[in-house]
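1. fold the following, please.
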Amino acid sequence: MTTAPRKIRKIVFPVAGLGTRFLPATKVIPKEMLTVVDKPVIQYAVEEAIEAGIEHFVFVTGRGKGAIEDHFDMAFELESTLKARGKTASFEMLEGSRPPAGAASFVRQQEPLGLGHAVWCAREIIGAEPFALSLPDMLIQSKPGCMAQMIETYNARGGNVVAVEEVPHEHVNRYGVCALGETFNERTHAITGMVEKPKIEDAPSNLIISGRYILQPEIFAHLEKQKPGAGGEIQLTDSMISLLGEQNFSAYKFDGTTYDCGDKVGYLSANVAYALDRPDLAPAFRPILDRLTKSSHP
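-> Numbering: from 1, shown residues only. Got it, this is the predicted structure:
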């Protein structure tokens with residue numbers, strides 16, 4: 001009898017980065033608190049996790065990131081004022097935007113030593129459980145959310161699951177790239193190898209790792225002994241390659257569109273896409289967008 005995979009209860013959000021590409025906006029505001037329309041980028045990631053049934057949220061933070069912790073806490077004065085003024089919709093929106101009491105943990109990554117090191121910093125909170133990992137900068141617009149899609153795949157196959165998507169082959173040197181083996185269905189394939197930022201001519205495919213993962217806890221033992229890789233940092237991909245020799249990894253081609261909100265053009269694109277998806281904004285915003293587009297391209 002096949003044992004069902006252990007439930008994914010916890011998720012890690014690495015949010016310690018400095019956001020230097022968005023200076024001066026990020027001088028005192030964490031980059032994860034920059035808004036897409038009217039929500040911080042990090043809130044989209046948390047809501048995606050909640051939809052997927054995640055119960056505990058682990059934020060790996062750094063200096064100057066206190067606004068993230070405050071955002072997911074109760075704003076007593078604001079909420080009391082909203083209630084007193086009868087602004088029920090706004091009050092309920094704020095109340096529904098934070099995890100339940102005790103469901104969020106915050107741990108410091110004291111030095112910027114890479115994504116792998118950030119994940120390792122969460123080891124004591126994750127313990128011996130499989131867990132999800134989400135990079136908030138990679139905002140994925142999809143219904144259902146990317147993480148819910150991945151957990152469905154994990155529940156069917158177990159092991160480790162990595163979200164992947166296709167990019168033009170000439171861009172593969174910017175990302176972690178997967179080599180694929182057996183095809184399980186049109187969206188799910190076995191991973192036989194991974195390489196971080198390969199030379200274009202050496203890339204095994206044009207399928208890149210897209211910022212969503214489901215990982216077994218054995219990854220921590222590999223991160224513990226991982227030597228610095230690309231950029232002098234502890235690379236998560238390097239430890240996943242080590243774990244690949246011991247456990248199964250599946251590549252999941254999710255249904256959705258990714259916006260890299262760590263990049264200015266990606267961030268602007270996300271604002272436009274999410275505004276156009278809003279029934280309360282799209283009718284007024286679309287004519288303005290059309291006018292601006294025509295005026296800039298006569």
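
2. and residue 205, what element?
-> Taking DSSP states H and E as the definition, residue 205 sits outside all helices and strands.

3. which residues sit against the helix or strand of the chain with the lowest mean pLDDT?
-> Lowest by mean pLDDT, DSSP states H and E among the helices and strands of the chain is helix 88-95, with a mean of 77. With contact meaning Cβ atoms under 8 Å, 6 or more residues apart in numbering, helix 88-95 is reached by 75, 78-79, 82-83. Using the backbone N, CA and C atoms, a C-beta is placed for each residue, glycine as well.

4. wait, a helix at residue 285?
-> Yes. Residue assignment for residue 285, taken from DSSP: H, G, I helix; E, B strand; the rest coil, places it within a helix.

5. now for it: which residues touch it?
-> 275-276.

6. equivalent analysis for residue 194, please.
-> Residue 194 sits next to 176-179, 209, 237, 240-241, 244, 249 when contact means Cβ under 8 Å, 6+ apart.

7. which of those residues fall within strands?
-> Among the contacts of residue 194, the residues falling in strands (DSSP state E) are 176-179, 209, 249.

8. ok, of those residues, which one's closest to residue 270?
-> Comparing the ones in strands among the contacts of residue 194 against residue 270 with Cβ to Cβ places residue 209 closest, at 19.3 Å.

9. among the contacts of helix 88-95, who's most crowded?
-> Highest neighbour count within those: residue 82, with 19 neighbours (other Cβ atoms under 10 Å).

10. and that residue, helix, strand or coil?
-> Of the three states, residue 82 takes helix according to three-state DSSP.

11. and the residue lying closest to it once chain neighbours are set aside, how far from residue 148?
-> Excluding the flanking residues, the one nearest residue 82 by Cβ to Cβ, 6 or more residues apart in numbering is residue 91, at 4.1 Å. Relative to residue 148, residue 91 is positioned 27 Å away (Cβ to Cβ, to the nearest Å).

12. can you show me the strands along the stretch 151-298 of the chain?
-> Per DSSP state E, counting those that start in this stretch, the stretch 151-298 of the chain carries strands over the ranges 160-166, 176-185, 188-196, 207-215, 249-253, 257-260.

13. over to the stretch 1-150 of the chain?
-> With DSSP E, counting those that start in this stretch, the ranges of strands along the stretch 1-150 of the chain come out as 10-14, 35-36, 39-40, 56-61, 104-108, 131-134, 138-141.

14. now tabulate the ones you listed in a markdown table and tack on mean pLDDT and distance to residue 281.
-> As requested, those are exported to a markdown table (pLDDT from 0 to 100; distance: least, Cβ to Cβ, whole Å):
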| stretch | mean pLDDT | distance to residue 281 |
| --- | --- | --- |
| strand 10-14 | 97 | 27 |
| strand 35-36 | 96 | 12 |
| strand 39-40 | 94 | 13 |
| strand 56-61 | 96 | 28 |
| strand 104-108 | 94 | 29 |
| strand 131-134 | 98 | 26 |
| strand 138-141 | 96 | 15 |
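
15. among these, which is nearest residue 191?
-> Nearest of the strands of the stretch 1-150 of the chain to residue 191, taken as Cβ to Cβ: strand 131-134 at 15.6 Å.
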